[in-house]
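Novice: turn this into a structure:
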Amino acid sequence: MSSDDLERRRLARLRTFAISHAMDRFNADYPGFKPEDTVASICAYEEEGNIGDVLAKMPSTIEGDAYTTLVVVDGGEDRTAEIARNFPGVKVIQFPVNLGHGVALQVTYRYCIDHDVRYVVTLDADGQNDPSEIPLILAPLRSDEADFVVASRVLGEDKTSDVVRKSGVRFFSFVMNHMTGANLTDTSTGYRALRVTMLADVIDRLTQEQYQTAELLITCLKRGWRAAEVPTVWYPRASGTTKKGKNWLFGFRYARVVFGTWWRER
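Specialist: Okay, here's the model as predicted:
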């Protein structure tokens with residue numbers, strides 16, 4: 001076995017250990033807890049300046065139905081987990097080290113699959129998404145019109161000022177529509193609603209530790225699941241700096257995931 005293979009195996013085992021540690025603590029913190037049919041998941045890495053405001057804006061119910069708010073804290077050295085735990089009803093999974101946004105989402109998906117959740121909504125912890133829109137984003141799933149619902153800032157309003165990022169959203173949507181036969185305007189948003197039976201079909205195919213939006217969407221579309229969009233308002237980050245890196249680096253890495261996933265799923 002090569003040294004690269006040994007290193008990959010070592011990292012995989014460390015990741016498994018970290019996730020197991022996090023889930024053991026979760027089960028100890030919330031013994032016997034059973035989530036509602038709908039879970040709203042917020043993955044957060046060093047967002048102590050934003051997570052409180054996001055959680056304060058979460059709707060009390062979804063069209064009169066209870067739901068579970070789950071915060072997955074992806075390591076970090078700040079008070080994100082502490083702040084989230086202080087909100088009544090919020091459940092927290094806390095990784096002991098940073099594993100990547102894609103890993104945090106995969107843990108969310110597996111938790112929902114294992115606990116017979118019906119729908120999961122994912123949104124950002126940085127204040128760019130409006131939690132009051134959650135019922136609108138879930139509506140096409142609840143009416144059985146779609147399995148994957150994207151909150152589109154192109155159909156709605158993008159209040160950010162980064163012209164390069166805005167152009168990238170449209171470019172990657174064009175590319176991914178061409179690859180999959182879809183007709184979506186925003187394929188790089190993390191604000192979305194997902195049918196958990198769809199996630200159960202694709203979860204073992206997901207490998208990205210970062211930049212996982214394209215991988216999930218392409219995989220689901222290629223396997224025949226239905227996608228729809230609803231307009232959203234996209235706000236500038238409330239505080240702090242993006243974890244995605246410079247535009248050129250983000251674009252390069254995102255493109256690599258897009259083309260790599262398409263090649264795998266073609």
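Novice: what comes up buried for stretch 163-177?
Specialist: Using 16 or more other Cβ atoms under 10 Å as the test for burial, stretch 163-177 gives Arg165, Gly168, Val169, Phe172, Ser173, Val175, Met176. Heads up, the C-betas are built off the backbone N, CA and C, glycines and all.
Novice: okay if I get these as a markdown table plus pLDDT and distance to Ala18?
Specialist: Shown next, in a markdown table, are the buried residues of stretch 163-177 (pLDDT from 0 to 100; distance: Cβ to Cβ, whole Å):
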| residue | pLDDT | distance to Ala18 |
| --- | --- | --- |
| Arg165 | 87 | 31 |
| Gly168 | 90 | 31 |
| Val169 | 92 | 32 |
| Phe172 | 92 | 31 |
| Ser173 | 95 | 34 |
| Val175 | 94 | 34 |
| Met176 | 94 | 31 |
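Novice: among these, which ones are in helices?
Specialist: Among the buried residues of stretch 163-177, the ones falling in helices (DSSP state H) are Arg165, Gly168, Val169, Phe172, Ser173, Val175, Met176.
Novice: strands of the protein, start to end?
Specialist: 38-44, 68-73, 91-94, 119-124, 148-158, 192-195, 227-234 (DSSP state E).
Novice: ok, the third one: who's next to it in the sheet?
Specialist: Using DSSP bridges, the strands paired with strand 91-94 in its sheet are strand 68-73 (parallel).
Novice: how far off centre is the partner strand?
Specialist: Mean-position distance between strand 68-73 and its chain equals 11 Å (Cα atoms, centre = their mean, to the nearest Å).
Novice: got a list of contacts for that strand?
Specialist: Strand 68-73 is contacted from outside by 35-36, 38-45, 51, 55, 58, 80-81, 84, 87, 89-95, 104-105, 107-108, 111, 117, 125, using Cβ atoms under 8 Å, 6 or more residues apart in numbering.
Novice: recalculate using a threshold of 6 Å.
Specialist: 35-36, 39-44, 58, 80-81, 84, 90-94, 104, 108 (Cβ atoms under 6 Å, 6 or more residues apart in numbering).
Novice: kindly reformat the strands of the chain as TSV containing distance to Arg256, mean neighbour count and mean pLDDT.
Specialist: Formatted as TSV, the strands of the chain follow (distance: least, Cβ to Cβ, whole Å; neighbours: other Cβ atoms under 10 Å; pLDDT from 0 to 100):
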stretch	distance to Arg256	mean neighbour count	mean pLDDT
strand 38-44	21	26	98
strand 68-73	25	25	98
strand 91-94	28	22	98
strand 119-124	22	25	97
strand 148-158	21	21	96
strand 192-195	21	24	98
strand 227-234	22	20	97
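Novice: could you pick out the longest helix of this protein?
Specialist: helix 3-29.
Novice: now the angle between strand 68-73 and that one, please.
Specialist: Helix 3-29 and strand 68-73 are oriented at 140 degrees to each other (axes from the mean of the first three to the mean of the last three Cα atoms, to 10 degrees).
Novice: any stretches of the protein with poor pLDDT?
Specialist: Counting by pLDDT under 70, the chain has low-confidence residues at 1, 242-245.
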